[in-house]
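**Student:** this one's structure only:
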């Protein structure tokens with residue numbers, strides 16, 4: 001799962017999509033495309049945004065829900081918290097000294 005997470009975060013467009021979902025979760029594909037175009041001047045097709053969202057969903061960073069004919073995309077930060085908990089947890093033996 002960590003591999004999918006890092007692959008998803010490696011792309012700057014996907015990080016921008018996550019930034020937009022941080023500001024307003026529950027957006028449709030149309031809303032995301034509009035915000036990318038207007039706020040970030042990204043000339044990216046709906047199909048490309050949809051593919052980016054699929055990668056983010058596979059990594060667990062985006063969850064979708066349907067209401068009628070609309071599909072909403074919500075940010076899920078749980079995978080990021082798992083990574084932070086994994087690597088930022090205090091060591092039982094105390095902090096390691098870094099060597100130059």
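**Tutor:** Okay, I see it. These numbers were taken from a predicted model, which means no experiment stands behind them.

**Student:** Could you list the low-confidence segments of the protein?
**Tutor:** Along the chain, segments meeting pLDDT under 70 span 1, 89-100.

**Student:** ranges for the helices of it?
**Tutor:** 2-10, 12-23, 29-40, 46-58, 78-88 (DSSP state H).

**Student:** of all those, which lies closest to residue 69?
**Tutor:** For residue 69, the closest of the helices of the chain is helix 29-40, at 11.9 Å, according to Cβ to Cβ. For the C-beta atoms, the positions are set from N, CA and C on the backbone; glycine is no exception.

**Student:** Count the residues that sit near residue 14.
**Tutor:** Close neighbours of residue 14, defined as other Cβ atoms under 10 Å, add up to 21.

**Student:** if I read this right, residue 5 contacts residue 57, doesn't it?
**Tutor:** No: under the criterion of Cβ atoms under 8 Å, residue 5 makes no contact with residue 57, lying 11.9 Å away.

**Student:** want to throw the helices of the chain into TSV with distance to residue 66?
**Tutor:** Converted to TSV, the helices of the chain look like this (distance: least, Cβ to Cβ, whole Å):
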stretch	distance to residue 66
helix 2-10	22
helix 12-23	17
helix 29-40	12
helix 46-58	13
helix 78-88	21
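
**Student:** Which one of those lies nearest to residue 67?
**Tutor:** helix 29-40 (13.6 Å).

**Student:** and the closest one, what does it pack onto?
**Tutor:** Using 3 or more Cβ pairs under 8 Å, 6 or more residues apart in numbering; DSSP states H and E, the elements in contact with helix 29-40 are helix 12-23, helix 46-58, strand 70-75.

**Student:** So which of the helices of the chain is nearest residue 72?
**Tutor:** Of all those, helix 29-40 comes closest under Cβ to Cβ, at 9.1 Å.

**Student:** from the chain's centre, how far out does the closest one sit?
**Tutor:** When distances are taken as Cα atoms, centre = their mean, to the nearest Å, helix 29-40 is centred 15 Å away from the chain's centroid.
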